[in-house]
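Enquirer: Sequence unavailable; structure follows:
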C-alpha cells in the first residue's frame with residue numbers, strides 16, 4: 001500500500017517568481033563585491049584568467065601563469081575563461097569569471113526541480129485515492145514535490161560555501177543533477193529514445209572533463225544495476241550509446257591534448273594517476289569522517305531521505321525511489337573509498353539526497369516536521385542574531401570583547417558603514433520574522449512547509465554575512481593587499497620574477513599586482529619571491545640555496561589575518 005494520503009489543498013505550489021527570488025537571493029550574495037579568495041577560489045580564477053589571456057596551449061594544459069596543474073580537468077575553466085572574454089571588459093575579469101558559477105547553479109537547481117517534477121507525476125508516486133475524492137492531480141503533486149526539492153537544495157549547509165566558489169565542484173554537481181534529469185527521461189519514457197541515451201552520454205563525458213572519470217563511472221554502474229532491476233532493454237542503450245559517447249568525448253580531449261601540448265602524454269599520465277589515487281579500500285577512518293561531517297553537511301535532507309526509504313519500502317522498486325538511490329549508493333561507496341578527507345567530496349551526494357528527501361515530505365509525521373522546524377528556527381535565528389551582534393560590535397566597539405576578537409582576527413581592518421548593505425540585511429531579517437510568524441500562526445498543510453524555515457534561515461544567515469561582514473571577510477581571505485605591496489617594490493617596467501608560491505597566491509599576485517612570473521622552470525630572473533612559514537626561519541636559507549646567485553631582500557610581508565604565512569621579495573645583485 002502507498003504511504004501517502006493527501007488532500008489537494010496540500011499541493012499548493014510556490015509562485016515561480018518566489019522560486020526565482022529565492023534562487024537569486026541565494027547565489028548572488030557572495031559572488032559580487034569580493035576578490036577571489038585564497039586556495040580553491042583564487043586558483044580556479046587563476047586558471048581561467050590564464051586561459052582567457054593566453055594561447056591555445058593554456059586551454060589544454062591548465063596552469064596559473066606558467067605553474068602547471070596537470071591534475072585539473074579543463075571544462076570548468078574553459079567556461080570561466082569564455083565568461084571572462086565575454087564579460088570581462090564590462091564587469092572586470094574577477095567578477096566576469098563568476099558568471100559561469102551562476103550558470104552552474106541554475107543548471108543544477110533547475111535539473112533537480114524538473115527531475116523531481118517528472119518523478120512526482122508518475123502514477124506509482126501518486127497518493128492514495130480518497131474515499132470521496134479530493135486527492136491532488138498528478139501535475140500539482142509533482143510540482144509541489146519539486147518545490148520541496150528546490151528548497152531542500154537551497155537549505156544544504158554543506159553546499160552554501162562551495163556553490164559560491166568558481167572551482168570544478170560547482171560544475172560537477174550541476175552536471176550530476178542534469179544527468180539525473182536525463183536518466184529520468186530515459187527510464188521514464190514509454191518508448192526508449194536514442195536522444196535521451198545520447199544526451200546522458202554527453203553529460204557523462206562532460207563530467208569526465210570536469211573532475212575525472214571516477215564519478216561518472218560510478219553513476220553509470222548504478223544505472224546499469226537499476227536497469228537490470230527494472231527494464232533490461234535500457235542496458236543496451238547504456239552500453240551501446242551512453243558509454244561510447246562518453247568515451248568519444250573523453251578521447252577527443254585526450255587526442256587534442258596530446259596534439260597541442262608538448263608534454264601532453266606526461267600530463268595525462270599525471271591526471272590518470274590522480275584519479276587512481278582516490279581509490280582505496282574503505283576504512284573505519286573514512287566511515288567515521290563520512291558520518292561525522294555528513295550529519296551537518298547534508299542537513300536538513302537526511303532525516304527526510306531516510307524516512308522516504310522506510311515509508312516507501314514496499315514500493316522500493318518505484319522509479320522515484322530507485323533512481324535517486326541508484327545515484328546515491330555508488331557515490332557513497334566512492335566517498336568511503338577516498339581516504340583523502342575533504343568535505344568537498346561529499347557534494348555529489350546532495351542532488352540525489354534532495355530528490356529522495358522530497359518524497360519523504362508527504363510521509364513525515366507532523367511531530368517530526370515540527371521538531372525539524374523548531375530546530376531550524378532556534379538554531380538559525382540564534383546564528384542570525386549573533387551575526388548582527390558581532391557586526392554592531394565591529395562597527396561601534398560595543399560589546400568590547402566581541403569587537404576585540406573581531407579585530408584580533410583581522411588586524412588593521414578599517415570598518416566602513418554601507419547604507420545599502422545595512423538596508424538589505426535589515427529587510428532580510430524582517431522577512432525572516434514574517435516567515436516564521438506565517439509558519440507558526442497559519443500552520444499550513446502544504447508539503448514544502450517542512451523545509452521552508454530551514455532554507456529561509458540558511459539564506460538569511462548567508463545574506464547577512466555577505467552584506468554586513470563581506471568587507472571584513474574579504475580583507476581576511478584576499479591577497480589583493482599583499483599583491484599591491486609587492487607591486488610597489490617592483491620596477492614600473494615589469495621584469496621576470498621567479499617564485500615558489502602556490503597557485504592561489506600566484507594567481508592573486510599576477511592579477512592584482514601585475515607580477516610577471518617566470519613562465520618556464522629554470523628561467524633566469526632578476527627578482528625572486530619566496531613563500532615560507534614564520535615559525536621556521538631555517539626555511540629561508542634552504543629556499544635561497546635552491547636559486548643560484550646572490551640576493552638582497554627588498555620587502556617582507558604577509559596577509560594581516562594569517563599568522564603563519566610569509567612572503568619575501570629579493571633582487572639579484574650579481
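Expert: Done, it's in. For clarity, every value in this text was computed on a predicted model and none was experimentally measured.

Enquirer: Run through the helices of the stretch 1-150 of the chain in chain order.
Expert: Counting by DSSP state H, counting those that start in this stretch, the stretch 1-150 of the chain has helices at residues 16-27, 40-52, 56-60, 75-91, 93-121, 138-155.

Enquirer: which stretch among the ones you listed comes nearest residue 269?
Expert: The minimum distance between residue 269 and the helices of the stretch 1-150 of the chain falls on helix 56-60, with 15.0 Å, by CB to CB. C-beta coordinates here come from the backbone N, C-alpha and C atoms, glycine included.

Enquirer: Is it possible to get a markdown table of the helices of the stretch 1-150 of the chain that adds mean pLDDT, distance to residue 9 and mean neighbour count?
Expert: Shown next, in a markdown table, are the helices of the stretch 1-150 of the chain (pLDDT from 0 to 100; distance: least, CB to CB, whole Å; neighbours: other CB atoms under 10 Å):
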| stretch | mean pLDDT | distance to residue 9 | mean neighbour count |
| --- | --- | --- | --- |
| helix 16-27 | 91 | 18 | 15 |
| helix 40-52 | 95 | 45 | 26 |
| helix 56-60 | 95 | 55 | 17 |
| helix 75-91 | 96 | 43 | 20 |
| helix 93-121 | 96 | 17 | 23 |
| helix 138-155 | 94 | 10 | 25 |
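
Enquirer: nearest to residue 200, of the ones you listed?
Expert: With CB to CB as the measure, helix 93-121 is the member of the helices of the stretch 1-150 of the chain nearest residue 200 (12.4 Å).

Enquirer: Give the other helices and strands that the closest one contacts.
Expert: Under the contact criterion of 3 or more CB pairs under 8 Å, 6 or more residues apart in numbering; DSSP states H and E, helix 93-121 touches helix 16-27, helix 40-52, helix 75-91, helix 138-155, helix 168-188, helix 319-337, helix 350-358.

Enquirer: Adding distance to residue 483, write the helices of the stretch 1-150 of the chain out as a markdown table.
Expert: Formatted as a markdown table, the entries for those read as follows, by distance: least, CB to CB, whole Å:
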| stretch | distance to residue 483 |
| --- | --- |
| helix 16-27 | 27 |
| helix 40-52 | 11 |
| helix 56-60 | 21 |
| helix 75-91 | 18 |
| helix 93-121 | 12 |
| helix 138-155 | 34 |
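
Enquirer: Residue 250 contacts residue 208, correct?
Expert: Yes: between residue 250 and residue 208 there is a contact under CB atoms under 8 Å: 4.7 Å.

Enquirer: Let me have the helices and strands packed on helix 93-121 in a markdown table, extended by distance to residue 217.
Expert: Rendered in a markdown table, the data for the helices and strands packed on helix 93-121 read as follows (distance: least, CB to CB, whole Å):
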| stretch | distance to residue 217 |
| --- | --- |
| helix 16-27 | 30 |
| helix 40-52 | 24 |
| helix 75-91 | 17 |
| helix 138-155 | 25 |
| helix 168-188 | 12 |
| helix 319-337 | 9 |
| helix 350-358 | 16 |
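
Enquirer: For residue 378, find the nearest of those helices.
Expert: Closest to residue 378 of the helices and strands packed on helix 93-121 is helix 138-155 (CB to CB; 15.4 Å).

Enquirer: returning to what we had before: between residue 250 and residue 208, which has more neighbouring residues?
Expert: More neighbours surround residue 208 than the other of residue 250 and residue 208, with 23 against 19 (other CB atoms under 10 Å).

Enquirer: thought the more buried one was touching residue 246?
Expert: Yes: here residue 208 lies in contact with residue 246, judged by CB under 8 Å, at a distance of 6.6 Å.

Enquirer: which residues do the two both contact?
Expert: With contacts taken as CB atoms under 8 Å, 6 or more residues apart in numbering, the residues that reach both residue 208 and residue 246 are residue 216.

Enquirer: Show me what the helix or strand hosting residue 486 is packed up against.
Expert: Using DSSP states H and E, residue 486 falls within helix 480-488. Using 3+ CB pairs under 8 Å, 6+ apart as the contact criterion, the elements in contact with helix 480-488 are helix 503-512, strand 551-557, strand 565-572.

Enquirer: Make CSV out of these and add mean pLDDT and distance to residue 400.
Expert: Supplementary listing: the helices and strands packed on helix 480-488 in CSV, determined by pLDDT from 0 to 100; distance: least, CB to CB, whole Å:
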stretch, mean pLDDT, distance to residue 400
helix 503-512, 95, 34
strand 551-557, 92, 30
strand 565-572, 93, 29
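
Enquirer: In TSV: these, plus distance to residue 397 and mean neighbour count.
Expert: Formatted as TSV, the helices and strands packed on helix 480-488 follow (distance: least, CB to CB, whole Å; neighbours: other CB atoms under 10 Å):
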stretch	distance to residue 397	mean neighbour count
helix 503-512	31	24
strand 551-557	28	14
strand 565-572	29	20
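
Enquirer: of all the ones you listed, which lies closest to residue 399?
Expert: Distances from residue 399 to each of these were compared using CB to CB; the minimum, 30.5 Å, belongs to strand 565-572.

Enquirer: now that closest one: how far from the chain's centre is it?
Expert: Centroid separation for strand 565-572 versus its chain: 34 Å, with CA atoms, centre = their mean, to the nearest Å.

Enquirer: mind listing what it pairs with, with the direction of each?
Expert: Strand pairing for strand 565-572, using DSSP bridges, gives strand 527-533 (antiparallel), strand 551-557 (antiparallel).

Enquirer: Which pLDDT value belongs to residue 280?
Expert: Note for residue 280: predicted pLDDT of 89.

Enquirer: Which helix or strand contains it?
Expert: When elements are assigned from DSSP H and E, residue 280 belongs to no helix and no strand.

Enquirer: re the thing from before, relative to residue 90, which of the strands paired with strand 565-572 is closest?
Expert: If you check each of the strands paired with strand 565-572 against residue 90 by CB to CB, strand 527-533 wins as the nearest, at 31.8 Å.

Enquirer: What mean pLDDT does the host helix or strand of residue 542 get?
Expert: Counting by DSSP H and E, the element that carries residue 542 is helix 538-545. Per-residue pLDDT over helix 538-545 has a mean of 72.

Enquirer: ok, now stretch 467-477?
Expert: pLDDT averaged over stretch 467-477 gives 93.

Enquirer: just stretch 239-246 next, same as before
Expert: Computed over stretch 239-246, the mean pLDDT rounds to 96.
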